[in-house]
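>>> Quick one: sequence and predicted model below, then my questions.
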Amino acid sequence: MLIIPAENTLNWKQPPWMTLSLMLACLLVFLFYQGGDARLMNQAVDRYLEAELLELEAPVYEDYLQREVGLHGDSARVHDLQAFQAAREADDRITLALTLLADPEFYHYQQENRELLWPSAERRQWLEQRVPIQDELIARLSAFELGLIPAQISPASLVAYQFLHGGWGHLIGNLVILFLLGFTVEKALGPGRYLLAYLLCGVISGLVFCAFSVGSRLPLVGASGSISGLMGMYVAIYGIQRIRFFYFVGVYFNYFRAPALALLPVWLGKEIYDYWFAGATGIAYMAHAGGLVAGAAIILLLGKSWLQVRESFFEPEDEEQDERFTSGYGQAMTSLGRMEFDVARRQFEALREQYPDRPILLEHLYQLSKLRPDRPEYRDRARQLMVDTLARKQPERMIEVWQEYLAEGERYHPMAAEDHSRVLFACLRSGELKAAEKAFERLRAGGDRVLLEEAARLLVEEFEKRQMGPKARHYRQVLEAH
């Protein structure tokens, strides 16, 4: 059974570069670093069979497995024993050699008990032939070089094991789930914090695995612990919000909705159950469980500080926003057509709170406010529109709004000197000299000496540049008078 969250869709306009980089890193490590494993193992098998070590070790291995099953109650080795016995009956020497060479626990067992296992001649043969194969070839396999071995934990292996995989199936399965989960969590946290959280979940997952496998020499490889951390982070980000999940059982699949965090105990319970009852599957269930808990915990504990989710994460996608805007805008225009002006104003105001970057909404609000020029709302909307049009580099529209206000609303609620000064500067930049002089007169009536002197100085410079001497002298006299 597979259950994964599927609330978000990928926006390729903003690709999840860090997730794609992690996927690429895993693929490149598998192809170029782990690609040498097959060659090393083939050499080890050839040397092992040529040295006739199979005949020496096979009886010992069967006895070793029987001891593990009988004395230590290791039920997980029952399948290993049955498979080994079947290979011996079929005289499948390659499979037998691979099995013996790939079992680091058995090699350690032989190292510790070689005095008891063989007479001196055979013991000498084992030391001369088997130990070099182990040191020169087996120890150089990627899983033993950089995999996470509970008996030999190192800081480097806690990170490196997350990028190693046991085969194409293992790699592709992890990369698919990494992509499906990663693009959402990356969008929520941002690439830098996402990467650190991903690696931290992998480290914690590895430590949990080692805690349940104390002393083991079997290496752990794969990104599944880190990916489990992404699953924990994913549901913790949404909390108790109901989100969509995809599930696959046998050949049947579908979607369902549930509170995000409600799935955490389900996933966790499944991993713990499988750890105790699934048998020898080769899957690191407790590493998955550790990743789940780590991912959820770091979001719940640090989600309001270092790992705070971006505010933009919960905003609708562009297409959904466009649909919502179109619907709301249509309703407001319908109210306007019915001359329900108060209703339309409230609808446009609500839309502007959601979509402040849509200038058409401010235009509508301005036009509605013009219906009552005696109210201060008209002045406020005019000022807002003037600032907005100037920011969008539309000085002509700014001057037009200003002139409209002078004609309709100035006698009720005069604009401030700063507003007239802003218009004067815009007029000079766009060459509207008559409007600039009109703005200057408004400034002069306002009595703000600092703004007036600056405006007079600019007018003098502009008229001199245009060789309009009388005008320049006039404003120079105004400047000297003040």
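Structure received. Numbers count the residues shown, from 1 in each chain.

>>> Local confidence estimate at the closest residue to residue 171 other than its chain neighbours?
Excluding the flanking residues, the one nearest residue 171 by Cβ to Cβ, 6 or more residues apart in numbering is residue 165, at 4.1 Å. Bear in mind the C-beta positions are built from the backbone N, C-alpha and C, glycine included. With respect to pLDDT, residue 165 scores 96.

>>> What of residue 71?
pLDDT, read off for residue 71, is 70.

>>> Just the terminal-to-terminal distance for stretch 158-171.
Start-to-end span of stretch 158-171 (Cα to Cα, to the nearest Å) is 18 Å.

>>> what about stretch 313-321, average pLDDT?
64.

>>> re earlier: in a strand, the residue nearest to residue 171, correct?
No: counting by DSSP: H, G, I helix; E, B strand; the rest coil, residue 165 is not found in a strand; it is coil.

>>> thought it was touching residue 222?
Yes: at 5.5 Å, residue 165 counts as touching residue 222 under the criterion of Cβ atoms under 8 Å.

>>> what's the neighbour count on residue 24?
Counted by other Cβ atoms under 10 Å, the residues lying close to residue 24 total 11.

>>> same deal with residue 454?
16.

>>> ok, now the one 4 residues further on?
Residue 458 sits with 17 neighbouring residues when counted by other Cβ under 10 Å.

>>> thought it was touching residue 428?
Yes: in this structure residue 458 lies within contact range of residue 428 using Cβ under 8 Å: 6.0 Å.

>>> With adjacent residues omitted, what lies nearest to residue 345?
Closest to residue 345 by Cβ to Cβ, 6+ apart is residue 368, at 5.0 Å.

>>> go on, residue 377?
Nearest non-adjacent residue to residue 377 (Cβ to Cβ, 6+ apart): residue 369, at 4.9 Å.

>>> what residues are up against that neighbour?
375, 377-378, 380-382 (Cβ atoms under 8 Å, 6 or more residues apart in numbering).

>>> most surrounded residue in these?
residue 382 (25 neighbours).

>>> Does anything pack onto the host helix or strand of that one? Which helices or strands?
Using DSSP states H and E, residue 382 falls within helix 376-391. Secondary-structure packing of helix 376-391 (3 or more Cβ pairs under 8 Å, 6 or more residues apart in numbering; DSSP states H and E): helix 359-369, helix 395-408, helix 417-430.

>>> Quick one: work out the angle between that helix and helix 359-369.
150 degrees (axes from the mean of the first three to the mean of the last three Cα atoms, to 10 degrees).

>>> what comes into contact with helix 376-391?
359, 362-363, 365-366, 369-370, 372, 395, 397-398, 401-402, 404-405, 408-409, 412-413, 415, 419, 422-423, 426.

>>> How far does stretch 99-112 sit from its chain's centre?
41 Å (Cα atoms, centre = their mean, to the nearest Å).

>>> actually stretch 133-145, sorry about that
The answer for stretch 133-145 is 35 Å, by Cα atoms, centre = their mean.

>>> Repeat that for stretch 181-198.
For stretch 181-198, the distance to the chain centre is 2 Å (Cα atoms, centre = their mean).

>>> Let's test this: mean pLDDT of it, rounded?
Throughout stretch 181-198, pLDDT has a mean value of 94.

>>> Just the buried residues of it, please?
181-189, 193-195, 197-198 (16 or more other Cβ atoms under 10 Å).

>>> of those residues, closest to residue 269?
Distance ranking of those against residue 269, using Cβ to Cβ, places residue 181 first at 19.6 Å.

>>> and the closest one, helix, strand or coil?
Residue 181 ends up helix, using three-state DSSP.

>>> hang on, isn't it packed against residue 4?
Yes: using Cβ under 8 Å, residue 181 is in contact with residue 4, at 6.9 Å.

>>> which residues do the two both contact?
Common neighbours of residue 181 and residue 4 (Cβ under 8 Å, 6+ apart) are residue 231.

>>> rewinding a little: dump the helices and strands packed on helix 376-391 into TSV; add distance to residue 99 and mean pLDDT as well.
As requested, those are exported to TSV (distance: least, Cβ to Cβ, whole Å; pLDDT from 0 to 100):
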stretch	distance to residue 99	mean pLDDT
helix 359-369	72	90
helix 395-408	81	90
helix 417-430	83	88
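
>>> Ends of stretch 333-348, what's the gap?
From start residue to end residue, stretch 333-348 stretches across 9 Å - Cα to Cα.

>>> Switch the helices and strands packed on helix 376-391 over to JSON lines; also include distance to residue 239.
Below are those laid out as JSON lines (distance: least, Cβ to Cβ, whole Å):
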{"stretch": "helix 359-369", "distance to residue 239": "32"}
{"stretch": "helix 395-408", "distance to residue 239": "45"}
{"stretch": "helix 417-430", "distance to residue 239": "46"}
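
>>> closest to residue 338 among the buried residues of stretch 181-198?
Out of these, the member with the shortest distance to residue 338 (by Cβ to Cβ) is residue 187, at 41.1 Å.

>>> now the closest one: how far from residue 414?
49 Å (Cβ to Cβ, to the nearest Å).

>>> and what of residue 407?
13 Å.

>>> low-scoring stretches of the protein, by residue?
72-76, 279-280, 311-312, 314-321, 482 (pLDDT under 70).

>>> So which residues of the stretch 151-300 of the chain form strands?
Applying DSSP state E, counting those that start in this stretch to the stretch 151-300 of the chain gives strands spanning 242-249, 252-259.

>>> Hey, what's the angle from the first one to strand 252-259? Just curious.
Angle, strand 242-249 to strand 252-259, by the same axes, to 10 degrees: 150 degrees.

>>> Partner strands of strand 242-249, with direction?
strand 2-5 (antiparallel), strand 252-259 (antiparallel) (DSSP bridges).

>>> in it, what's buried?
For strand 242-249, by 16+ other Cβ under 10 Å, it's 243, 245.

>>> Using PDB, list the CA coordinates for that strand.
Taking C-alpha atoms only, strand 242-249 is exported to PDB below (Å, rounded to 0.1, in the frame of the first residue of the first chain):
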ATOM      1  CA  ARG A 242      -7.600  18.900   4.700                       C
ATOM      2  CA  ILE A 243      -5.400  18.100   1.700                       C
ATOM      3  CA  ARG A 244      -5.500  15.500  -1.100                       C
ATOM      4  CA  PHE A 245      -3.700  12.200  -0.900                       C
ATOM      5  CA  PHE A 246      -3.000   9.600  -3.500                       C
ATOM      6  CA  TYR A 247      -3.200   5.900  -2.600                       C
ATOM      7  CA  PHE A 248      -2.400   2.700  -4.400                       C
ATOM      8  CA  VAL A 249      -3.500  -0.700  -3.200                       C
END
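
>>> what's it in contact with?
For strand 242-249, contacts defined as Cβ under 8 Å, 6+ apart pick out 1-7, 235, 253-260, 263.

>>> quick one: contacts of stretch 172-180?
4, 6, 16, 19-20, 22-23, 26-27, 165, 222-224, 227, 230.

>>> Mind giving me the ChimeraX select for those, buried ones only?
Buried members of the contacts of stretch 172-180, defined by 16+ other Cβ under 10 Å, are picked up in ChimeraX with:
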select :4,16,19,22,23,26,165,222,223,224,227,230
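
>>> ok, the contacts of stretch 172-180 vs residue 336, which is closest?
residue 6 (40.2 Å).

>>> Now the closest one. Nearest residue, chain neighbours left out?
Residue 6 sits nearest to residue 246 (Cβ to Cβ, 6+ apart), 4.3 Å away.

>>> Any idea which residue is closest to the centre of the protein?
Nearest residue to the geometric centre of the chain (Cα atoms, centre = their mean): residue 186, 0.7 Å.
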